[in-house]
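> here's a sequence, model it:
(2 chains)
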There are 2 protein chains.
Amino acid sequence: MGEFDLIARYFTRTVRRSPLGVGDDCALLQPQPGMQLAVSTDLLLEGRHFLPTVDPRRLGHKALAVNLSDLAACGARPLAFTLALALPGIDEPWLAAFAEGMFALADVHDCELVGGDTTRGALAINITVFGEVPAGQALLRSGARAGDDVWVSGTLGDARLALDALLGTVSLPQAVLEAARLRLETPQPRVALGLALRGIATAAIDVSDGLLGDLVHVLERSGVGATLEAVRVLPLLAAAQALQVETSKALELVLAGGDDYELAFTAPAARRAEVEEAARQAGTPVTRIGRIDALRGLRVLDAQGRPLTQKFTGFDHFA
Amino acid sequence: MGEFDLIARYFTRTVRRSPLGVGDDCALLQPQPGMQLAVSTDLLLEGRHFLPTVDPRRLGHKALAVNLSDLAACGARPLAFTLALALPGIDEPWLAAFAEGMFALADVHDCELVGGDTTRGALAINITVFGEVPAGQALLRSGARAGDDVWVSGTLGDARLALDALLGTVSLPQAVLEAARLRLETPQPRVALGLALRGIATAAIDVSDGLLGDLVHVLERSGVGATLEAVRVLPLLAAAQALQVETSKALELVLAGGDDYELAFTAPAARRAEVEEAARQAGTPVTRIGRIDALRGLRVLDAQGRPLTQKFTGFDHFA
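Next up, the predicted model:
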């Protein structure tokens, strides 16, 4: 099978919305009048972003999910994506499963594949995703203001716990591992929540490198600081309920684990009810974990209100 | 230096046209009313698409050029691009040169970097490029009609000749090698020609895998065939003027060499003067090399009008 057969068999579907999909020099997109196009791109490499043992169906899901998560963080509605794929060879069962996982998630979000590139090489996946958002309504990192609440969706730290277990540095009961592994391998992008938070949230980011590290980007771009409460974030480690995890380890997982693909966002304290209503509409739980301060820096307080001295290190793709 | 410093130092520039550039979860693009957005993506891997010895400045140029060439083939005006980059390590002189080559070409085409991703891994470059084209005016592969002329821009085969020389399978005089190597390493995307051909050309494609192989895509999508004349394509091998290249080898280079990044296109025979005027305006020479037939298949005739029996093989990224 050559490059063109491979594309025809696994990666060509009739486009429903875009004027032109796979098969020409370019795809064509037609944003609605008054809309801006949100664009994000993520490069996933075997060994760095996923383990060689991952189920290809889950890998197809995740490769698209991490990109949809960026659209969610901007409050953009998914439209389309391109896929650039380097493959060490043509493994048809692998390709069929990868495509199935990717398209299943694409269909959930009505996001269509419009183009791409394939080549032989070490397994690498680069998806670029396109969404639309009314001009001026995108959720940015730069809008947090002193007095805002800090919120986060869903749960945090389980993906990293699963990774640690798969790498053999921690041992987990099978049921806990399976649950955590689903968080690692099939993250659910918070697209509905991002859309519901338009006009309510003042800033948002998706949690991919670890909550603290990602939140710092919001603080820097907004010119503010933040104070989080450990007692509010600790319960976010879902697996901790079933385990005897030390507090310091649990905090590390929750605050700096990474690969969560939840949304961290800020909103005025006066709009708590609206945030909760948006979360209810989106079917996504949210937790208020702290507040934005005028004082720069990011502080985490213990139950007695004292700053934690523990150091947390987020994921750096070059560290 | 971490990932964020790297992006800040080498890949962050103020956007001039896009509402939001590098540094948030998504970039934002704002196509003009009535415009469609043309999108293309190309993944370049060391060893497969470029040699490890390539000058990083030229590599930066080429990584963007091959994408702009796809926009040219659609008649789209470049707007913006994203860059996903896997690097084996942080080599600052290399990064500075790569960025310089990439941005120099970007500036020529007023195309701005709006986002991307970086990670550590075997050198891989994935650029996704965005352009705009008035709705309904994109040049597609599907519009060729029997009786149309077949045209190609510039020269063909020199890039492949340079690659063969660099791989040691042919020997070239230094001056010839240097000229051919420029074609291989710094292709000039035919953006101005693509724009000038809007409304004149019936179909277009960029020549990346070899003229015949690429032309077959046009023929298949248009439901037609074509007949080319060897005497018209042979002079397109610029280096052949300076060399004693056998005719069969020269034909192989011109018809199936690849990496040319010229435009192959079709236009009604009645519009030859308009094609030539468009080429003059764009400052890009074009050559008429054959015609589109109702009879399917692609034939190349020798000087006596007999079909060539020589087989030509284009570049397949999985072959």
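> outside of stretch A:173-189 itself, list whatever touches it.
Residues outside stretch A:173-189 that contact it (Cβ atoms under 8 Å, 6 or more residues apart in numbering or on different chains): A:50, A:54-55, A:58-59, A:61-62, A:65-66, A:68-69, A:71-72, A:109, A:154-155, A:158-163, A:165-166, A:172, A:206, A:238-239, A:242-243, A:259-261. C-beta here means a position set from N, CA and C on the backbone, and glycine is covered the same way.
> can you map out the strands along the stretch 101-250 of chain A?
Per DSSP state E, counting those that start in this stretch, the stretch 101-250 of chain A carries strands over the ranges A:112-120, A:124-134, A:149-153, A:203-207, A:225-229.
> quick one: strands adjacent to the third one?
What it means is strand A:149-153. Partners of strand A:149-153 in the sheet, by DSSP bridges, are strand A:262-267 (antiparallel), strand A:286-293 (antiparallel).
> what's the mean pLDDT across the first one?
Meaning strand A:262-267. In this model, strand A:262-267 has a mean pLDDT of 98.
> equivalent analysis for stretch A:119-138, please.
Averaging pLDDT along stretch A:119-138 gives 94.
> in that stretch, what's buried?
A:119-121, A:123-133, A:138 (16 or more other Cβ atoms under 10 Å in any protein chain shown).
> helix or strand with the lowest mean pLDDT in chain A?
One helix or strand of chain A scores below all others by mean pLDDT, DSSP states H and E: helix A:3-10, with a mean of 82.
> and chain B, which of the buried residues of stretch A:119-138 reach it?
Here is what survives when the buried residues of stretch A:119-138 are matched to chain B using Cβ under 8 Å from any Cβ of the partner chain: A:119-121, A:124, A:126, A:128, A:130-131, A:133, A:138.
> can I get those in a markdown table with distance to B:T12?
Shown next, in a markdown table, are these (distance: Cβ to Cβ, whole Å):
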| residue | distance to B:T12 |
| --- | --- |
| A:T119 | 28 |
| A:R120 | 32 |
| A:G121 | 28 |
| A:A124 | 24 |
| A:N126 | 20 |
| A:T128 | 18 |
| A:F130 | 22 |
| A:G131 | 22 |
| A:V133 | 22 |
| A:A138 | 19 |
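> where does pLDDT dip in the stretch 101-250 of chain A?
Along the stretch 101-250 of chain A, the model assigns pLDDT under 70 to residues A:240-242.
> so where do the helices sit in it?
Secondary structure of the stretch 101-250 of chain A (DSSP state H, counting those that start in this stretch): helices at A:158-166, A:174-185, A:191-196, A:211-222, A:230-233, A:247-256.
> just the ones you listed: most buried one?
Among the helices of the stretch 101-250 of chain A, helix A:191-196 has the highest mean neighbour count (mean count of other Cβ atoms under 10 Å in any protein chain shown), at a mean of 24.
> does anything pack onto that helix? Which helices or strands?
helix A:56-74, strand A:77-87, helix A:272-282 (3 or more Cβ pairs under 8 Å, 6 or more residues apart in numbering or on different chains; DSSP states H and E).
> nearest spatial neighbour of A:L68, chain-adjacent residues omitted?
Excluding its sequence neighbours, the residue lying closest to A:L68 (Cβ to Cβ, 6 or more residues apart in numbering or on different chains) is A:P189, at 3.7 Å.
> about what we covered before: among the strands of the stretch 101-250 of chain A, which is nearest B:A8?
Proximity to B:A8 (Cβ to Cβ) singles out strand A:203-207 among those, at 16.9 Å.
> using CSV, write out every CA atom in that closest one.
Below are the C-alpha coordinates for strand A:203-207, written out as CSV (Å, rounded to 0.1, in the frame of the first residue of the first chain):
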residue,chain,number,x,y,z
ALA,A,203,-9.5,34.0,31.4
ALA,A,204,-9.0,30.3,30.7
ILE,A,205,-6.3,27.8,29.8
ASP,A,206,-6.3,24.0,29.4
VAL,A,207,-4.3,22.0,32.0
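> now do that strand against strand A:149-153, angle only.
Computed by axes from the mean of the first three to the mean of the last three Cα atoms, to 10 degrees, the angle separating strand A:203-207 from strand A:149-153 equals 40 degrees.
> could the helices and strands packed on helix A:191-196 be laid out in TSV, adding mean neighbour count?
TSV is the format used below for the helices and strands packed on helix A:191-196 (neighbours: other Cβ atoms under 10 Å in any protein chain shown):
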stretch	mean neighbour count
helix A:56-74	26
strand A:77-87	25
helix A:272-282	16
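> B:T41: which of those is closest?
Nearest of those (Cβ to Cβ): strand A:77-87, 4.5 Å.
> with only the CA atoms kept, save that closest one in CSV.
Provided in CSV are the C-alpha atoms of strand A:77-87 (Å, rounded to 0.1, in the frame of the first residue of the first chain):
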residue,chain,number,x,y,z
ARG,A,77,-16.6,25.5,18.6
PRO,A,78,-14.7,22.8,16.7
LEU,A,79,-15.0,22.8,12.9
ALA,A,80,-12.2,20.9,11.3
PHE,A,81,-8.7,19.5,11.6
THR,A,82,-5.7,18.4,9.6
LEU,A,83,-3.6,15.3,10.5
ALA,A,84,0.1,14.9,9.7
LEU,A,85,1.3,11.4,10.5
ALA,A,86,4.7,9.8,10.4
LEU,A,87,4.5,6.0,10.5
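> A:R291 touches A:A144, doesn't it?
No - assessed by Cβ atoms under 8 Å, A:R291 is found out of contact with A:A144, at 10.1 Å.
> higher neighbour count, the two?
Legend: neighbour count by other Cβ atoms under 10 Å in any protein chain shown for A:R291 and A:A144, higher for A:A144 (28 against 17).
> quick one, phi/psi of the more buried one?
As for A:A144, its main-chain torsions (degrees, to the nearest 10) stand at phi -70, psi 140.
> show me what contacts it?
The contact partners of A:A144, taken as Cβ under 8 Å, 6+ apart, are A:202-203, A:218-219, A:222, A:224, A:226, A:266, A:292.
> nearest spatial neighbour of the residue nearest to the spatial centre of chain A, chain-adjacent residues omitted?
Geometric centre of chain A, nearest residue: A:Y261, 2.7 Å, by Cα atoms, centre = their mean. Once flanking residues are discounted, A:Y261 sits nearest to A:P187: 3.7 Å by Cβ to Cβ, 6+ apart.
> what of A:G89?
With Cβ to Cβ, 6+ apart, the residue lying closest to A:G89 is A:R120, at 7.1 Å.
> I figured the one you found hits A:L6, correct?
No - contact between A:R120 and A:L6 fails when scored by Cβ under 8 Å: they sit 10.4 Å apart.
> re earlier: so which of the buried residues of stretch A:119-138 comes closest to A:Q30?
Nearest to A:Q30, judged by Cβ to Cβ, of the buried residues of stretch A:119-138 is A:E132 at 10.1 Å.
> how about the closest one: what's its closest non-neighbour residue?
Nearest to A:E132 is A:M35, by Cβ to Cβ, 6+ apart, at 4.2 Å.
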